[in-house]
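Enquirer: Everything below, folded, please.
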Amino acid sequence: MRPLTWIWAFCLFLLPVLADQGTHHEELSPEQVGTVHFPVSCSPQVAQPFERAVALLHSFWYEEAQKEFEDVSRRDPQCAMAFWGIAMSLWHQLWNHPDASTSKNAAEDLQKAERLNPKTQRERDYIEAIALFYQEPDPNHYHERATRYADAMEQMYRKYPQDREAAAFYGLSLLASEPDSDTSNVNRKKAAAILEKLFAVEP
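Expert: Numbering: from 1, shown residues only. Next comes the predicted model:
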């Protein structure tokens, strides 16, 4: 089983614990984060570091992912998706709601990404999706913001059926947008169905 899918299974079963304790995977070595395929229109020299940063993001190594994305942005200042990655790293989706200051910083990173005029529609879709979460920094509206992002990721999931990373991010968004009062586990069941499909492709 790939590290990504193992971590997914872990999250689905232990989501309440993760949410309560703010779990980090500090015991996970860099070699265990796995690999992803996430083509972007950035310089070929940063393709591998970018994909490693995405793998770290999937593994919930948010601080390390942010450092990697920032390094990519320094090596290729025209890489719009590097700023998308920084914004993604600032939202620890299963255990931390970003405060207004963090959301403001992320929104500024996304503005940088948009000004760079991403070269593909797929990249623009990724950036626009997370921008929906950060456009309203009020922490009191967290669930509405998370749901907007989840809805946008659902559209991406359907628009790019071969994009496994879109599937993974959509599944995670379902968990992040699940209301605390929800006892039906609807979002969790949807995320589990996505995980099952990922297992079928890469067990």
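
Enquirer: Poorly predicted segments of this structure, please.
Expert: For the chain, applying pLDDT under 70 flags the ranges 1-33, 182, 200-203.

Enquirer: From the structure, what's the count of residues near residue 113?
Expert: Using other C-beta atoms under 10 Å, residue 113 has 27 other residues around it. Placement of C-beta: from N, CA and C, glycine included.

Enquirer: List the contacts of it.
Expert: Shown in contact with residue 113 (C-beta atoms under 8 Å, 6 or more residues apart in numbering): 80, 81, 82, 83, 84, 87, 127.

Enquirer: Equivalent analysis for residue 46, please.
Expert: Contacts of residue 46 (C-beta under 8 Å, 6+ apart): 72, 75, 76, 79, 82.

Enquirer: try residue 42
Expert: Applying C-beta under 8 Å, 6+ apart, we find residue 42 in contact with 50, 72, 76, 78, 79, 80, 81, 82.

Enquirer: Check residue 72 too.
Expert: Contacts of residue 72 by C-beta under 8 Å, 6+ apart are 42, 46, 49, 50, 53, 79, 82, 85.

Enquirer: circling back: list only buried entries from the contacts of residue 42.
Expert: Buried members of the contacts of residue 42, counted by 16 or more other C-beta atoms under 10 Å: 50, 72, 76, 79, 80, 81, 82.

Enquirer: so where does residue 54 fall, helix or strand?
Expert: helix 47-58 (DSSP states H and E).

Enquirer: angle of the next helix or strand after that helix against helix 47-58?
Expert: Heading C-terminal from helix 47-58, the first helix or strand you meet, by DSSP H and E, is helix 62-75. Using axes from the mean of the first three to the mean of the last three C-alpha atoms, to 10 degrees, the inter-axis angle of helix 62-75 relative to helix 47-58 is 160 degrees.

Enquirer: how far does helix 62-75 sit from the chain's center?
Expert: 14 Å (C-alpha atoms, centre = their mean, to the nearest Å).

Enquirer: again with stretch 149-165
Expert: Computed by C-alpha atoms, centre = their mean, the chain-centroid distance of stretch 149-165 equals 12 Å.

Enquirer: Extract the CA atoms of stretch 66-77 and return them as CSV.
Expert: Below are the C-alpha coordinates for stretch 66-77, written out as CSV (Å, rounded to 0.1, in the frame of the first residue of the first chain):
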residue,chain,number,x,y,z
GLN,A,66,5.4,25.0,3.2
LYS,A,67,9.2,25.2,3.3
GLU,A,68,9.4,23.1,0.1
PHE,A,69,6.9,25.3,-1.7
GLU,A,70,8.6,28.4,-0.6
ASP,A,71,11.9,27.0,-1.9
VAL,A,72,10.2,26.2,-5.3
SER,A,73,8.9,29.8,-5.4
ARG,A,74,12.5,31.1,-4.9
ARG,A,75,13.9,28.8,-7.6
ASP,A,76,11.1,29.6,-10.0
PRO,A,77,9.5,33.0,-9.2
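
Enquirer: That concludes my questions; thank you for your assistance.
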